[in-house]
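Colleague: prediction below, plus the sequence it came from.
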Amino acid sequence: MPRHNETRALPYTREQMFDLVANVAAYPEFLPWVSAIRVRSDSATEMVADMIVGFKGIKESFTSRVEKHRPDTVRVDYLDGPLKHLHNQWHFRDDGNNGVLVDFEVEFEFKNRLFEMLAGQMFDKALRKMIGAFEARAAALYGSDESGSRSSSAHSAA
C-alpha cells in the first residue's frame, strides 16, 4: 500500500494552515486534478464531501469525511469511491520561530491492483505537485517567505 509522510517548516501560523487545509470547498481553485467539490455537510468539527478528480481523460468521484480539530489536525477518511482505503492527516505544530511545522501523511490502496501499480509509479511526483500547490496557495493567501519552506523531510513506501 503506497504511503507517504512529510514534514515542512513554513512561515505561517497553525491557524492559517489549518484554515487553508480545512477549506475543502476551495480545492478546485488550486489543487491539480481536482475539478469539483460537493460539500454534503459541514460543521466546525466535521465535513463530508465528494471530490471529483480528473487526470488524462479519467474522472473519478471520492466521498470523504474530514475531521477538523482546530488548530492542530485535519484528518481525512475515505467513505466511497474507486479505492479500497484512503487516509490522510495534516498536523500543525508551532516551530518555535513564529512559523509552523506541517506534518502530512497519506496512505491509500486501490480496489484494482493494476490501478495501484500505475498509481504507485506516479505517486511521489503527484504528491510533490499537490504539496507544492498547498504551499503556493498559502503564499498567495498569507504572503510568501523568500526562502520558501525552511526544511522538508519525506518518507515513501509502496
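Modeller: Alright, I've got the coordinates. Residues are numbered from 1 along each chain as shown.

Colleague: give me the mean pLDDT for the longest helix along the chain.
Modeller: When the chain is parsed with DSSP state H, its longest helix is helix 113-142. The average pLDDT for helix 113-142 rounds to 83.

Colleague: go on, stretch 53-72?
Modeller: Here the average pLDDT along stretch 53-72 is 90.

Colleague: end to end, how far does it reach?
Modeller: This stretch, stretch 53-72, spans 27 Å end to end (C-alpha to C-alpha, to the nearest Å).

Colleague: what comes up buried for it?
Modeller: For stretch 53-72, burial by neighbour count (16 or more other C-beta atoms under 10 Å) applies to 53, 62, 64, 66, 68, 71. To be clear about C-beta, it is placed using only N, CA and C from the backbone, and glycine gets the same treatment.

Colleague: of these, which belong to strands?
Modeller: 53, 62, 64, 66, 68 (DSSP state E).

Colleague: can you show me the helices along this protein?
Modeller: 14-22, 113-142.

Colleague: and the ones you listed, which is most packed in?
Modeller: Comparing the helices of the chain by mean neighbour count (mean count of other C-beta atoms under 10 Å), helix 14-22 comes out on top with a mean of 20.

Colleague: give me the residues contacting that one.
Modeller: 10, 47, 66, 68, 70-72, 74, 90, 92-94, 100, 102, 134, 137-138, 141-142 (C-beta atoms under 8 Å, 6 or more residues apart in numbering).
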